[in-house]
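Student: Sequence plus predicted model, see below.
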Number of protein chains: 2
Amino acid sequence: MSKILAGVLRANGEYAKSFGEKAQLALPPARQFAILTCMDARIDPAKLAGLSEGDAHVIRNAGGRASDDAIRSLVISYKLLGTREWFVIHHSNRVHGVQSRRHALTSPSLQAADALCEPTILGKKPVVAKGELVLFAR
Amino acid sequence: MSKILAGVLRANGEYAKSFGEKAQLALPPARQFAILTCMDARIDPAKLAGLSEGDAHVIRNAGGRASDDAIRSLVISYKLLGTREWFVIHHSNRVHGVQSRRHALTSPSLQAADALCEPTILGKKPVVAKGELVLFAR
């Protein structure tokens, strides 16, 4: 077993001890929203958005792109699991070279999310083109 | 502004106050690993695996599938950002009807991740077919 795996399992063991009644949480997100954001290691969506377990769906990929797979996930989130708002949270600049921790947040419709879809792996275009734009606190 | 958005922004403002030196974290994940898991609201990957900001990439979609987009993300994680282990963390049963909080964890190679790819939206087949299988503590 690798050192990394051992560390993950140790942490999980500790977490499981205090999981308690959270095992009974319902499948549909209690706060009825979803977040699409980047896989960036420096982003903790739960802390960033004030989420507890059971609150909201979180979808992440390289760049926080509204890819076909992300849209598939959002459709499931909306149609099957009752979310009513989606937030697409991006870095304020591209994934590489990010220094600022400012984030842009949009609340797009399905059509807007679709319009955000990018075929590039690491696009350099501004990715927040639709929806309500909000700059986070830092 | 919706009530949900206001709540997210309020939480983010509080989080930002204590962000401090984390704004200087390097882009490559410090612990050199990535997690692929489900968007399920009840999963908090940071708590589940003991992650701090900057530790590891987290990729999430509906079902924690090794989709083309997830593999794109893992390739970027590996080739450009230096991760050396990947953990595919699934529910022990399918996304719908999950009651248990047990998770299965695999550490697949790129080829194994590719083999896990499923074309279905909500597959019912066991999704952990390759790699090292570990049952989490609950």
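Tutor: Sure, I can see it.

Student: Just the buried residues of the longest helix along chain A, please?
Tutor: Ranked by number of residues, the top helix in chain A under DSSP state H is helix A:3-17. Of the residues in helix A:3-17, A:4-5, A:8-9, A:11-12, A:15-16 count as buried by neighbour count, 16 or more other Cβ atoms under 10 Å in any protein chain shown. Using the backbone N, CA and C atoms, a C-beta is placed for each residue, glycine as well.

Student: Return only those of those residues found close to chain B.
Tutor: Of the residues in the buried residues of helix A:3-17, proximity to chain B by Cβ under 8 Å from any Cβ of the partner chain holds for A:4-5, A:8-9, A:11-12, A:15-16.

Student: Adding pLDDT and distance to residue B:66, write those out as a markdown table.
Tutor: Below are these laid out as a markdown table (pLDDT from 0 to 100; distance: Cβ to Cβ, whole Å):
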| residue | pLDDT | distance to residue B:66 |
| --- | --- | --- |
| A:4 | 86 | 19 |
| A:5 | 81 | 18 |
| A:8 | 84 | 18 |
| A:9 | 82 | 21 |
| A:11 | 86 | 23 |
| A:12 | 81 | 21 |
| A:15 | 83 | 24 |
| A:16 | 78 | 25 |
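
Student: Next, give me the two most distant ones among those.
Tutor: A:4 and A:16 (18.6 Å; Cβ to Cβ).

Student: okay, and for chain A, where does confidence drop off?
Tutor: For chain A, the stretches flagged by pLDDT under 70 are A:90-138.

Student: sorry, back to before: and the next helix or strand past the longest helix of chain A?
Tutor: Once helix A:3-17 ends, the next helix or strand along the chain (criterion: DSSP states H and E) is strand A:33-38.

Student: Check which helices and strands the strand or helix carrying residue A:48 is in contact with.
Tutor: Assigned by DSSP H and E, residue A:48 falls within helix A:45-49. In terms of contacts (3 or more Cβ pairs under 8 Å, 6 or more residues apart in numbering or on different chains; DSSP states H and E), helix A:45-49 is packed against strand A:33-38, strand A:56-61, strand A:85-91, helix B:3-17, helix B:45-49.

Student: if I look at residue A:51, how far off is residue B:43?
Tutor: Distance, residue A:51 to residue B:43, by Cβ to Cβ, to the nearest Å: 11 Å.

Student: any shared contact partners between these two?
Tutor: Contact with both residue A:51 and residue B:43 is made by no residue, according to Cβ atoms under 8 Å, 6 or more residues apart in numbering or on different chains.

Student: mind checking the end-to-end distance for stretch A:60-79?
Tutor: Stretch A:60-79 has an end-to-end distance of 19 Å (criterion: Cα to Cα, to the nearest Å).

Student: Would you check how far apart residue A:14 and residue B:50 are?
Tutor: 7 Å.

Student: Also residue A:30?
Tutor: For residue A:30 relative to residue B:50 (Cβ to Cβ), the value is 24 Å.

Student: now residue A:28
Tutor: Looking at residue A:28 against residue B:50, where the rule is Cβ to Cβ, the gap reads 27 Å.

Student: If you count surrounding residues, which of those two has more?
Tutor: Counted by other Cβ atoms under 10 Å in any protein chain shown, residue A:28 and residue B:50 do not tie: residue B:50 has more neighbours, with 19 against 14.

Student: residues contacting that one?
Tutor: Contact analysis of residue B:50 by Cβ under 8 Å, 6+ apart lists A:7-8, A:10-12, A:14-15.

Student: Go again with 6 Å.
Tutor: residue A:11 (Cβ atoms under 6 Å, 6 or more residues apart in numbering or on different chains).

Student: cool, and residue A:11?
Tutor: By Cβ under 6 Å, 6+ apart, the contact set of residue A:11 is B:49-50.
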